[in-house]
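A.B. asks: sharing a model prediction with you, sequence too.
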Amino acid sequence: MASDMTAQILDSLSKSDAPLLSNEAYPSIPSLNIKSALDRLGSRQMIEYETLEKDVVVLTPEGEEIANNGSHEAKVFAAVVAALDGLKISDLPGIVGKDNAKVGQGNCFKRGWIKKDNDKLRATQESIVDETREQLLTVQRTQTLDDSKALADLKRRKLVSLSKDIHYKFSKGPKYAKEFVKEETDLTPEMIASGAWKTVQLKPYNFNAKGAHTPSGALHPLNKVRSEFRNIFFEMGFTEMPTNRFVETGFWNFDALFVPQQHPARDLQDTFYIADPLTADPPREDPANDPHLPKAAKPLDYQKYWDNVHDVHEKGKFGSIGYRYPWNADESLRLVLRTHTTSISAYMLHKLAADPRPARLFSIDRVFRNEAVDATHLAEFHQIEGVIADFGLTLGGLIGFMEVFFAKMGIHQLRFKPAYNPYTEPSMEIFGYHEGLGKWVEIGNSGMFRPEMLESMGIPKNMQVYGWGLSLERPTMIKYGVSNIRELLGHKVDLGFIESNPAVRLEKE
Ligand SMILES: N[C@@H](Cc1ccccc1)C(=O)O
């Protein structure tokens, strides 16, 4: 025990003013035990010590066996000499054992100690020097061997191995005492009352001790990455959109975004529809008393907006020829779990139309898709979405903005690929070069919202709106090295993973 060890060390030193060596004083005590006692005494200046490290050669169990009983070849030689008229080769294993026979015979031939005579082995000399054994005995005694060639040979034959011998040279320190006084860890009212505080030994603080782990709540990695993204948006002058509605009408999720009613995204296999209630009212003025909803600068004409959406789909408007299909109002009133937060962007932009002025908006929240769940897809995930409305915006501006935005996440090389969204034209997929992964990864989708969408709301022709979106899970998985999305979100998440992960920085590493 460590406390016995401290007493032992103090006792040894009481008999000696000269420094002592731990390997001599306590040859059989593991150096780890000695060290912890030395540290304990050293921190109180009762002793001083230094660590001595030495490379030593030690025998392996096989080397040990040879040092004690002789080498394979010596055993074989002895057996051959003992047989007066040569030894039958087939008898050898029975006498010296299978292993000795195999290795020993070869070595005897190599050294010229024996020769083959038909099926017999005969000795060529009367005696031999068992050099291997001599060398091993030297190693056993001195823990080293001067003949480096021989040493290398023993190592190759796995008869010896190199190891480090650690021991300590210790001597009395300035506060040496024969007894280790019990130290108080707390100053108590009793000590103060009795005056004992003047004489008690207080235990020194151990500033190197790690604090006890206190179980506590921890932020989910997704929340940590989310707050990094929020900071980027705030830094760039964006305000956050109110995303507190998971259920939307088809109108806001699709029709307002010029997604035709036959679009495959609206199919049951892609979108979750609400069964009860099945439908909602057509868009109308928000309740005035809800503090969470954004206020439009002036009352909006919802009937006109509804009619515009109807017309732009069915027969075209604002210079567009439309989709030319019979637009169904009921389809637009069906309730869905929102499939993207672009429904919120549409809602916010139509509020902006009451008083069109430059705006920068963002949101980060949950969306739902009727996906087959696998390692990279869940039926619910989070979308990061940004919108910039301004006069005279061009595609070049969107590309330039994306470069600044993604650079803040540590992605400095971007590529843009033409894409298609029903609500943006042109549309671009964004690829970023991921330094950590060393490859191009798809990081987002973007575009300029279509006039069919914007003008139906009343956004003037000379105002353009950029929009882009990306998933929150993707960068989080890359950042935390998670390859299965189910480890990040849902009922399979390991709380230990959540607790032990550090705060996130989005810079490249
Ligand atoms: N809604 C798109 C993202 C996006 C938003 C705005 C404009 C363009 C694209 C998506 O689901 O991926």
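C.D. replies: Nice, I can see it.
A.B. asks: what does the stretch 301-450 of the chain put close to the ligand?
C.D. replies: Within the stretch 301-450 of the chain, the positions adjacent to the ligand are 340, 342, 385, 421, 424, 445-447 by CB under 6 Å from any ligand atom. For every residue, glycine as well, the C-beta is placed using N, CA and C.
A.B. asks: okay, and which of those map to strands?
C.D. replies: 385, 421, 424, 445-447 (DSSP state E).
A.B. asks: can I get those in a markdown table with distance to Gly481 and pLDDT?
C.D. replies: Below are these laid out as a markdown table (distance: CB to CB, whole Å; pLDDT from 0 to 100):
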| residue | distance to Gly481 | pLDDT |
| --- | --- | --- |
| Glu385 | 26 | 97 |
| Asn421 | 31 | 95 |
| Thr424 | 33 | 97 |
| Asn445 | 24 | 96 |
| Ser446 | 27 | 97 |
| Gly447 | 31 | 97 |
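A.B. asks: in TSV, list those along with neighbour count.
C.D. replies: Output for these, formatted as TSV (neighbours: other CB atoms under 10 Å):
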residue	neighbour count
Glu385	25
Asn421	22
Thr424	24
Asn445	22
Ser446	25
Gly447	23
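A.B. asks: I'd like the residues of the stretch 301-450 of the chain next to the ligand as TSV, with distance to Phe238 appended.
C.D. replies: As requested, these are exported to TSV (distance: CB to CB, whole Å):
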residue	distance to Phe238
His340	18
Thr342	16
Glu385	11
Asn421	21
Thr424	19
Asn445	18
Ser446	15
Gly447	18
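A.B. asks: from those, which single one is nearest Gly490?
C.D. replies: Using CB to CB, the shortest approach to Gly490 within those belongs to His340, at 19.8 Å.
A.B. asks: count the residues that sit near that closest one.
C.D. replies: By other CB atoms under 10 Å, 22 other residues sit near His340.
A.B. asks: do His292 as well
C.D. replies: By other CB under 10 Å, 8 other residues sit near His292.
A.B. asks: ok, the one 5 residues further on next?
C.D. replies: For Ala297, the count of nearby residues is 12 (other CB under 10 Å).
A.B. asks: for it, what are its contacts?
C.D. replies: For Ala297, the contacting residues are 354-355, by CB atoms under 8 Å, 6 or more residues apart in numbering.
A.B. asks: tell me the SS of it?
C.D. replies: Here Ala297 is recorded as coil under DSSP: H, G, I helix; E, B strand; the rest coil.
A.B. asks: where's the residue in the stretch 1-150 of the chain positioned nearest to the ligand, which helix or strand?
C.D. replies: As assessed by CB to the nearest ligand atom, the ligand sits closest to Leu32 within the stretch 1-150 of the chain, at 58.1 Å. Element membership for Leu32 (DSSP states H and E) is helix 31-42.
A.B. asks: which other helices and strands does the helix or strand just after that helix contact?
C.D. replies: Next helix or strand after helix 31-42 toward the C-terminus (DSSP H and E): strand 47-59. Using 3 or more CB pairs under 8 Å, 6 or more residues apart in numbering; DSSP states H and E, the elements in contact with strand 47-59 are helix 2-14, helix 31-42, helix 131-142, strand 160-172.
A.B. asks: now strand 47-59, how far from the centre of its chain.
C.D. replies: In this view, strand 47-59 has its centroid 37 Å away from the chain centroid, taken as CA atoms, centre = their mean, to the nearest Å.
A.B. asks: list the buried ones in it?
C.D. replies: 47-49, 57, 59 (16 or more other CB atoms under 10 Å).
A.B. asks: still on that earlier bit, and the helix holding Leu32, what other elements does it pack with?
C.D. replies: helix 2-14, helix 22-25, strand 47-59, strand 160-172.
A.B. asks: quick revisit: from the buried residues of strand 47-59, which two are the most distant?
C.D. replies: Largest pairwise distance in the buried residues of strand 47-59, by CB to CB, is 34.3 Å, between Glu48 and Leu59.
A.B. asks: just to revisit the earlier point, quick one: the buried residues of strand 47-59 as a markdown table, columns for distance to the ligand and pLDDT too.
C.D. replies: Compiled in a markdown table, the buried residues of strand 47-59 are given as follows (distance: CB to the nearest ligand atom, whole Å; pLDDT from 0 to 100):
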| residue | distance to the ligand | pLDDT |
| --- | --- | --- |
| Ile47 | 69 | 94 |
| Glu48 | 68 | 94 |
| Tyr49 | 66 | 95 |
| Val57 | 67 | 92 |
| Leu59 | 69 | 93 |
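A.B. asks: before we move on, the earlier item: list the buried residues in the helix holding Leu32.
C.D. replies: By neighbour count on 16+ other CB under 10 Å, the buried set for helix 31-42 is 31, 34-35, 37-38, 40-42.
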